[in-house]
Every structure is written in C-alpha cells, then in structure tokens.
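>>> have a look; sequence and predicted model below, questions after that.
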Amino acid sequence: MTPENIERLFTGRDGSYRFARWGRPIAPIAFGVEEQTLGVVKGALEALVGMAGHELTDMDPELGSNLMFFFFRDWDELLDVPDLGRLIPGLEPLVDRLKAADASQYRAFRFDDHGAIQAAFVFLRMTGPLAEMPAETLALTQAVQVLLVWGDAAFSESSPLAILPDSGATVLRPDIANVIVAAYDPIMPSVAQDKSHALRLFARVHAAQSGGD
C-alpha cells in the first residue's frame, strides 16, 4: 500500500479527496432479513469495529439506530417504508434513478457538525449476484464500505476481501485492514479533505507494520 494507493481510496470521480470516519458509537439494525442473517451482519460489524478500535452500541441517544441496513427485492419497496422519506430526502427520485440504473446497492451517509459520520443507510436489492453471495461475504463487504467514507471507485476494480487459499475462507485484505486501523487512530482527524491526509495514513500504516509508534 503506497501513499498513491491510499489517496485513490478516498478520491471521488471529480478528483476531490474526501475522508470521514464515524464520530460516535455505531448502533446497527437490519430490516428485511431473518434473525440468523442479522447475526451475521452484526458479527461482521463487531469484528471490523473492534479491529478499528471503535465502538458498537445498542442505542444511539439521538437517533436510536444510526446504521440501518435494508434488504429487499425491488427498489419500489422502499417507498412503502414508513418515515423513510424523512431520513432520505428526495427518496422518490432517488428510487427512480436507482431503478433506471438497475442498481443493486446504495449507501447514504449523514454527517455531524464537524463532518464525521453521524448515520448511514445501506440499501441492498437482493437479486442476481448479490442474492447468490454467501451471507458472510456480503456482510463483511458491506461492513467495510460503511465504516469509512470511501472514494467512488475505491473497490471498483478489486474487492476489499480476499480468499485464503488453504481454507477458502473469505477475509478482509490485510492492506485494507491496515488503512482502516490507521484511519481510526486517535491522533488522526475524523474528517479530511486534503490529499496530505493520505500521507499521514501511510505513515501510520508503515509505523504499525514496522512495529513503531
């Protein structure tokens, strides 16, 4: 992982650099899945949040649940979810755009006054390849992508996950894990819009790999 690689992870299509991490403990909930799948989702979150040194909680004092996963078969189903339009402004035109694009997933973030992540909403249309994906792989993939605000194309060419050749188990790629851990280092800012932030992340990753401070 080079400084340039890290910079690309947080660069948008317009060339701007934007990084944000959670500024509060994460209180997740999932809709449209069985209890067993909910446990898999929470397990993936617990593993990554613990690795990052952040916190999970049962209740956010302001929002109740601040990380919501919605599993469904058709985008139009979102229009029937009570009060979802209050959480996602412009829900109807958004649904129209996602249908026109034949999208399978969408993430929306809300930010606090400092720009850190305050809440996130993950929408997953469970058809096609997404429906065929093992629950553990799907949960881990979504947990990675909601833990930070990544660039638009961060994982467009390569997955954040890897398959262990010996066991066939799906795990988080070590280089992505290192970036997440560095991103949640207490000395690092919760929000950044300058590309020099990528150099600071690289320095933390390098120090950790070298056993340094």
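That came through fine. Numbers count the residues shown, from 1 in each chain.
>>> use CA for all of it now, contacts and neighbours both
Fine.
>>> where along the chain do the helices fall?
Listed in chain order, the helices found in the chain under DSSP state H are 3-9, 35-52, 84-87, 91-100, 129-132, 135-147, 174-183, 196-209.
>>> what is the burial count for P129?
For P129, the neighbour count with other C-alpha atoms under 10 Å is 8.
>>> from L164, how far off is the one residue sitting closest to the centre of the chain?
For the chain, V146 is the residue whose C-alpha lies nearest the centre (C-alpha atoms, centre = their mean; 1.4 Å). Noted for V146: a distance of 23 Å to L164, by C-alpha to C-alpha, to the nearest Å.
>>> for the helices of the chain, could you give me TSV that also reports distance to D76 and mean pLDDT?
Below are the helices of the chain laid out as TSV (distance: least, C-alpha to C-alpha, whole Å; pLDDT from 0 to 100):
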stretch	distance to D76	mean pLDDT
helix 3-9	31	94
helix 35-52	22	89
helix 84-87	12	89
helix 91-100	7	95
helix 129-132	18	86
helix 135-147	22	93
helix 174-183	34	95
helix 196-209	39	90
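>>> so which of those comes closest to P61?
helix 84-87 (16.5 Å; C-alpha to C-alpha).
>>> return the alpha-carbon coordinates of the closest one using CSV.
Provided in CSV are the C-alpha atoms of helix 84-87 (Å, rounded to 0.1, in the frame of the first residue of the first chain):
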residue,chain,number,x,y,z
LEU,A,84,-38.0,6.6,5.3
GLY,A,85,-38.6,9.7,3.2
ARG,A,86,-37.8,11.8,6.3
LEU,A,87,-34.4,10.0,6.7
